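Chemist: Sequence and computational prediction follow.
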Amino acid sequence: MTTDSTTPNTMTPNTMTNTASRGPAGRASSGVGPTDGLGALQVNPELVEAILTRFIRNEIQRTGFTRAVVGLSGGLDSSTVVYLAARALGPENVLAVTMPYRTSSAETRAHSAEVVEALGIQTIDVPITDQIDAYFAHFPDAGQMRLANKCARERMTILYDQSAAFAGLVLGTSNKSELLLGYGTLFGDMASAINPIGDLYKTQLRQVACHLGVPDGVLAKAPSGDLWIGQTDEAELGFGYDQVDRLLVLWVDQRYSVDQLEAAGFERGFIERVTAMVRRNHYKRRMPIIAKLSSRTMDRDFRYARDWGT
Amino acid sequence: MATPTTSPDATSPRATVAQASIPDLAPAVAACSPVDRSTVRIALAQIAPRLGDVRHNLGLHLEQISAARSQQADLTVFPELSLTGYFLRDMVPDVALSRDAAAVRELVDAAGDGDVSFGFVEESRQNRFYNAALYAEAGQVRRVHRKVYLPTYGLFDERRYFAPGHRIEAFDTEKFGRVGLLVCEDFWHISAIAIMQAEEVDLLVCIANSPARGVEGPVIGTSETYMRLAKTYAQMLGTAVAFVHRVGFEDGLCFWGGSMIVGPNAEVIAAAPHFDESLLVVEFDRTVLRRQRMITPLARDEQLLITIEELNRIRRRRYDDRFDDAQYDDAKHDD
C-alpha cells in the first residue's frame, strides 16, 4: 500500500470503486477482507425501504398528522427522503419546498423538477434571494460562510412555516456521514421533526436511492450544498464520501481503535483529521448544555422518549 | 396417569402379566390426564403496544384473547412489556403494577379456562421494578418470571430502571407439560437455556422486544440471530420453542415482529410476518416431541451431575471460595 501524502486515503485502487456502480445487494469481491470498510457499508435496500417507509408513517401518524414537508434541493439526500415519503404517505400528502437563492445551480433546479414530476407530489417554490440580500445589504463584508449559514437557516424557517400551513411534519435530510462530520448548519438544514436517513452513510444512501428509482442525474452528480457557485462537499472537506465512509463505519460502528484503523490501511493523518472533526462537532448533535442545579435536569435525569405523549 | 389395578405385591410376575392384558388398558387410557392430549393451539399475539398507556394496551390484550379463544387457542402469548411498551425510561414507576393488581387480574380472567402469558412492569412490595412475564393457567397464576439478564449497553439501559430477577425455573401445566418462560436477553444466555434443559421443558417460551439492528443481509440481523437461537435450542433441548415479538416504532426503534413456533427438529412450524401486527394461531402436535426424543435422545444422555460438579469447580477457581450463599439469598426474598 502506498503512503502518498497527496491523497487522504491509501486504499488500493480496487477498493476505491464508487459503490453506485455495484448492484445493491452485492458484496465487495475485491478488498482486504473483514478490515475493508467497503463490505461493512453494504445495505439491503429493500429491507431499508421496508423499515423507513413504516418509520415515516408511524412517527408521523402517532402525532396526529398524516403529511410531510421536505426541503427539496435536487440533491441525493432530499431526493431520497422525498421518494421514501411519497411511498410511505402517498404523493398527495408530501409537499416538496424548493427554496433557491440566486446562485443556486440550474442543474439542481432541473433535478428537483424531475423528482416532483416522477412522484406526482405537491410542490411549492419559495425563493430566498430577496430576504437574504436585504439582510446582507446591511453587512456587505459578511463573507461566504455567513451567507451560506444564513441561507440554510432561512430555509429552515420557511420549512417550519410551510409545515404549519400544510399540516405536515418536517422530514430531515441529514445523512450519517454529514451528522458525524458536522457538515451541516446547526438549526439550519439539521433541523427537523423526524429524520429517516440519519442512520445511513452517504455511500449506503446511494444504494437505497438507486433501488428507489431516484433519477440517474441526481445519483451521478457530485454531492454539493449548492450554497455558492462551484461548491462541492469533496472540495470543502478535502476527501470524498467513498473514502471517509469506509473510515467512519469501521471507527464508529465497529469500534476500531486508531491503531487498528491504521493497520487496516488508512493514513494516520487522515484518521486524525476525521476523528478530530467528529469530536469537534459533537455539540451539533446534542441539546445546549444546561448548568445543573436541581436533582432533575432536562435531558440528564429527566429522561423520557421523544415520543412521550404520542 | 393410569392407576394400575394389581395385587398388593406389584413386583410379582403374575401382577405384571395382569397389567399387560389389552382389556385392562382401556380404563387406563380413559383415566389419562389432559397432558396426553396430543394437539394444542398456541396463539402468538404480535401486537403494537402504545408506549406508557396501560389502559389502552389492556384493551388490546382483551381483544386479542377474545379473538384467539374464538379460534380455540389453548394459550395466548404476548410480547415482552406488552402492557406498557418498551422505551419507558423514567416512565417505569408510572406504569408499574403489582402482580395482584386489578388489571393483571382482569387479563388473567379474560383467558377463562385457557392459558395466557404477557409482559408487564412488576412493582414488588419493596418497591423494586422488574421487567416481568406472567403465565396464568385457567385463572391461576403459575409463574411470574422476572427478567434476569437486563441489557445495559448500546441503546439499552434496562439495569438503570429494573432490578434483575434471581430465578430461572420451569413450571407444570396440564396442556403443555413443563413450560419454561424467558424474556428477551435471557434467551441470549446459554446458562439460562441450560437450566431449562435441566428442567426438562416441553415448551420454551421467549417473549421479546428487539429493536432492529443490521440491515446488510436478507433479513434484519437481530431477526436472524433469534431464528438461529430458537432453532438451535429447540433441537438441542428436544422441545418446542415459542418466540413472541412485537411490532411498531418507539423513538425510531423498529420492532420487527417475526414471531414463530419451532419444533424439536428445528423446523419452523409457523411464523408471523415481519413488521405488521398479527394474531397467529398455531396448531402444534405434541407427539412430535416423543418421536424426536427417540431419534435424538440428548436429554436422556445429559449428565447433569457432571455439569454441576464442573461449574462448582469453576466457581471455586474464579471466586476463590469467597462466594457467600447467605448474601445471595437476601435478594431472593423481594416479593
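Modeler: Ah, there it is.

Chemist: tally of neighbours for residue A:239?
Modeler: 18 (other Cβ atoms under 10 Å in any protein chain shown). Quick note: C-beta positions are derived from backbone N, CA and C, even for glycine.

Chemist: before we move on, what about residue A:284?
Modeler: 17.

Chemist: can I assume it sits in a strand?
Modeler: No - going by DSSP: H, G, I helix; E, B strand; the rest coil, the assignment for residue A:284 is helix, not a strand.

Chemist: Contacts only, for it.
Modeler: Contacts here follow Cβ atoms under 8 Å, 6 or more residues apart in numbering or on different chains; on that basis residue A:284 touches A:179, A:182, A:184, A:186, A:190.

Chemist: The fourth one belongs to a helix, doesn't it?
Modeler: No - applying three-state DSSP, one finds residue A:186 to be coil, outside a helix.

Chemist: could you check the distance from it over to chain B?
Modeler: As for residue A:186, its distance to chain B is 20 Å (criterion: Cβ to the nearest Cβ, to the nearest Å).

Chemist: Residue B:219 in helix, strand or coil?
Modeler: Under three-state DSSP, residue B:219 comes out as coil.

Chemist: returning to that earlier point: present the contacts of residue A:284 as TSV; the columns should include pLDDT, distance to residue A:131 and neighbour count.
Modeler: Formatted as TSV, the contacts of residue A:284 follow (pLDDT from 0 to 100; distance: Cβ to Cβ, whole Å; neighbours: other Cβ atoms under 10 Å in any protein chain shown):
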residue	pLDDT	distance to residue A:131	neighbour count
A:179	97	28	21
A:182	96	26	18
A:184	94	21	20
A:186	95	20	16
A:190	95	21	21
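
Chemist: With respect to residue B:87, which of these is nearest?
Modeler: residue A:179 (21.1 Å; Cβ to Cβ).

Chemist: Farthest-apart pair in the contacts of residue A:284, please.
Modeler: Maximum pairwise distance among those (Cβ to Cβ): 11.4 Å, between A:179 and A:186.

Chemist: if we can go back for a sec, which of the contacts of residue A:284 lies closest to residue A:202?
Modeler: Among these, and counting by Cβ to Cβ, the member closest to residue A:202 is residue A:179, at 10.7 Å.

Chemist: host element of that closest one?
Modeler: According to DSSP states H and E, residue A:179 maps onto helix A:176-181.

Chemist: tell me which residues of that helix are tucked away?
Modeler: Buried residues in helix A:176-181, counted by 16 or more other Cβ atoms under 10 Å in any protein chain shown: A:176-181.

Chemist: Let me know the pLDDT of the residue lying closest to residue A:155 once chain neighbours are set aside.
Modeler: Sequence neighbours aside, residue A:99 is the residue nearest to residue A:155 in space, at 4.7 Å (criterion: Cβ to Cβ, 6 or more residues apart in numbering or on different chains). Note for residue A:99: predicted pLDDT of 98.

Chemist: quick one, what contacts residue A:99?
Modeler: A:71, A:125-128, A:154-155, A:158.

Chemist: same thing with residue A:221?
Modeler: Residue A:221 neighbours (Cβ under 8 Å, 6+ apart): A:75, A:107-108, A:111.

Chemist: Separate out the buried members of these.
Modeler: A:75, A:108, A:111.

Chemist: Kindly reformat those residues as JSON lines containing pLDDT.
Modeler: Formatted as JSON lines, the buried ones among the contacts of residue A:221 follow (pLDDT from 0 to 100):
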{"residue": "A:75", "pLDDT": "96"}
{"residue": "A:108", "pLDDT": "92"}
{"residue": "A:111", "pLDDT": "97"}
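
Chemist: one step back: keep only the contacts of residue A:221 that also lie close to chain B.
Modeler: Among those, no residue sits close to chain B (Cβ under 8 Å from any Cβ of the partner chain).

Chemist: Out of these, list just those in helices.
Modeler: Among those, the members found in helices (DSSP state H) are A:107-108, A:111.

Chemist: what's around the one residue in the stretch 51-200 of chain A that gets nearest to chain B, how many residues?
Modeler: The minimum distance from the stretch 51-200 of chain A to chain B, using Cβ to the nearest Cβ, falls at residue A:58 (4.3 Å). Around residue A:58 there are 20 other residues, counting by other Cβ under 10 Å.

Chemist: sec struct for the residue of the stretch 101-250 of chain B found nearest chain A, please.
Modeler: Closest to chain A within the stretch 101-250 of chain B is residue B:249: 4.3 Å, counting by Cβ to the nearest Cβ. At residue B:249 the chain is in strand, as set by three-state DSSP.

Chemist: With adjacent residues omitted, what lies nearest to it?
Modeler: Nearest one to residue B:249, counting by Cβ to Cβ, 6+ apart, is residue A:58 at 4.3 Å.

Chemist: which SS state does the one you found fall under?
Modeler: helix.

Chemist: any idea how far it is from residue A:176?
Modeler: From residue A:58 across to residue A:176, the span is 21 Å (Cβ to Cβ, to the nearest Å).

Chemist: Touching, residue B:238 and residue B:302? I think so.
Modeler: No - between residue B:238 and residue B:302 there is no contact under Cβ atoms under 8 Å: 10.0 Å.

Chemist: and the two? which has more neighbours close in?
Modeler: Just comparing residue B:238 and residue B:302: by other Cβ under 10 Å the higher neighbour count belongs to residue B:238, 24 against 15.
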